[in-house]
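Q: My questions concern the predicted model and sequence given below.
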Amino acid sequence: MMPKTDLLVIINPLSGTLPPVQKEGLRAFIAAEADRQAYQAEIVTTAYAGHATQLAAQAVQQGIRRVLVMGGDGTINETARALRRTATALGIVPMGSGNGLARHLGLPMNPQKAVVRALGGKPVLIDSGELNDHPFFCTAGLGFEAYVAHEFAKQPVRGLQTYIRTTYQAFWSYKPAEYTIDGEKAGALFSLTAANAGQFGNNAWIAPTANIADGKLDLCQLGIFPTHMVSMIGWQLFRKSLNRSAYWAGRRIQEATIQSTGPLLAHADGEPLLLPGNSCTVRVLPGSLLVLL
Ligand SMILES: Nc1ncnc2c1ncn2[C@@H]1O[C@H](COP(=O)(O)OP(=O)(O)OP(=O)(O)O)[C@@H](O)[C@H]1O
């Protein structure tokens, strides 16, 4: 009888900007390392958007306790949503343009080191969030960041360079909406972020003190700032000190209802969403995901 699979590895072949030959090399490395650490591994490449969710759900049904994902925050989201509130733990090999969750968790950015870490890691519980019924593990939000996510999704090529160019162009065409949070007027906001992890990716820390296992989300408002403050805000974002800015306000929440004067352009872990109506709810699911750390 064949030994039972006890590790599923999910690879998004489109994530990131590594050439295919290097990704093939990584696949071989994962197989060798899994073997070295005495796992019976199955390695599957995603064939379409949403495939990772199906694969991860099957793994849970089969009683597989470790699912390793090689991809960006989008593929991690697709995988992790099937692992929420199960005994199956997620291992992360960051391969995206931002890698916000992996960076928040302090995981190695070097893929080989990340593989070794995940395969030898211990399962640790973290929180996750939901924007309406859309799960997220890193950040979800409205306003400028959502506008960028929608513009980025239209680009033929992904990667960091495209992201920077899209963000720059989006800044000049963006029209902020006004928001009400739990019935209180927040006025016009540049962005409104529900942060489970503290950063969007690439060490852009929107919620510098976010704790991913505190049973709360950090709801961060960035007010409208004059154009001459852009570089200061950018500096503080990447220096992990945006919470010192007069334009930033944050609080810890378990749930919040948000209304907007504009269409509810949103994102969950960078994936663009258009929410129905003009009101949405964001909530935390405390201790809902096991990650290998
Ligand atoms: N074979 C596939 N064909 C088309 N789309 C796919 C395939 N496999 C996965 N996807 C989709 O690709 C999307 C983007 O992937 P992912 O986020 O991992 O990479 P990325 O865009 O390079 O990284 P980041 O999210 O950091 O920008 C995922 O949301 C997933 O739905």
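A: Perfect, I can see it now.

Q: mind listing the strands in the stretch 101-250 of the chain by residue range?
A: Using DSSP state E, counting those that start in this stretch, the strands assigned to the stretch 101-250 of the chain run over residues 123-131, 134-136, 139-143, 178-181, 184-195, 217-223, 248-253.

Q: Just the CA trace of the fourth one, in CSV.
A: Coordinates of the C-alpha atoms in strand 178-181 are reproduced here as CSV (Å, rounded to 0.1, in the frame of the first residue of the first chain):
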residue,chain,number,x,y,z
GLU,A,178,-16.9,60.1,2.6
TYR,A,179,-17.4,57.4,5.2
THR,A,180,-19.5,56.7,8.3
ILE,A,181,-18.2,54.1,10.8
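
Q: so how far is it off the chain centroid?
A: 24 Å (Cα atoms, centre = their mean, to the nearest Å).

Q: And stretch 29-40, by the same measure?
A: On Cα atoms, centre = their mean, the centre of stretch 29-40 falls 27 Å from the chain's centre.

Q: now stretch 103-111
A: 13 Å.

Q: let's have the chain start at 5 instead
A: With 5 as the first residue, the last one maps to stretch 107-115.

Q: And the ligand, is it touching that?
A: No - interface with the ligand: stretch 107-115 contributes nothing (Cβ under 6 Å from any ligand atom), its closest point being 10.6 Å away. Just so you know, the C-beta spots here come from the backbone N, C-alpha and C atoms, and that holds for glycine as well.

Q: which stretches of the stretch 55-204 of the chain form helices?
A: With DSSP state H, counting those that start in this stretch, the ranges of helices along the stretch 55-204 of the chain come out as 55-65, 77-87, 104-108, 115-124, 148-157, 164-177.

Q: possible to save those as JSON lines with mean neighbour count and mean pLDDT?
A: JSON lines is the format used below for the helices of the stretch 55-204 of the chain (neighbours: other Cβ atoms under 10 Å; pLDDT from 0 to 100):
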{"stretch": "helix 55-65", "mean neighbour count": "19", "mean pLDDT": "98"}
{"stretch": "helix 77-87", "mean neighbour count": "26", "mean pLDDT": "97"}
{"stretch": "helix 104-108", "mean neighbour count": "26", "mean pLDDT": "98"}
{"stretch": "helix 115-124", "mean neighbour count": "19", "mean pLDDT": "97"}
{"stretch": "helix 148-157", "mean neighbour count": "21", "mean pLDDT": "95"}
{"stretch": "helix 164-177", "mean neighbour count": "14", "mean pLDDT": "91"}
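
Q: how about the residues of the stretch 5-154 of the chain near the ligand?
A: Contacts of the stretch 5-154 of the chain with the ligand, taken as Cβ under 6 Å from any ligand atom, map to 16-20, 50-55, 75-79, 82, 100-102.

Q: Which members of those occur in strands, if any?
A: Mapping these onto strands (DSSP state E) picks out Gly75.

Q: Now the buried members of the residues of the stretch 5-154 of the chain next to the ligand.
A: Buried subset of these (neighbour count, 16 or more other Cβ atoms under 10 Å): 16, 19-20, 50, 55, 75-79, 82, 100-102.

Q: residues touching the closest residue in space to Leu135 that isn't next to it in sequence, list them.
A: What sits nearest to Leu135 in space, not counting adjacent residues and going by Cβ to Cβ, 6 or more residues apart in numbering, is Ala144, at 4.2 Å. Counting by Cβ atoms under 8 Å, 6 or more residues apart in numbering, Ala144 touches 133, 135, 138, 197-198, 270-273, 286.

Q: May I have the phi/psi pair for Ser264?
A: The phi/psi pair for Ser264 (degrees, to the nearest 10) reads phi -130, psi 150.

Q: Identify the bridge partners of it.
A: With DSSP bridges as the criterion, Ser264 is bridged to Tyr183.
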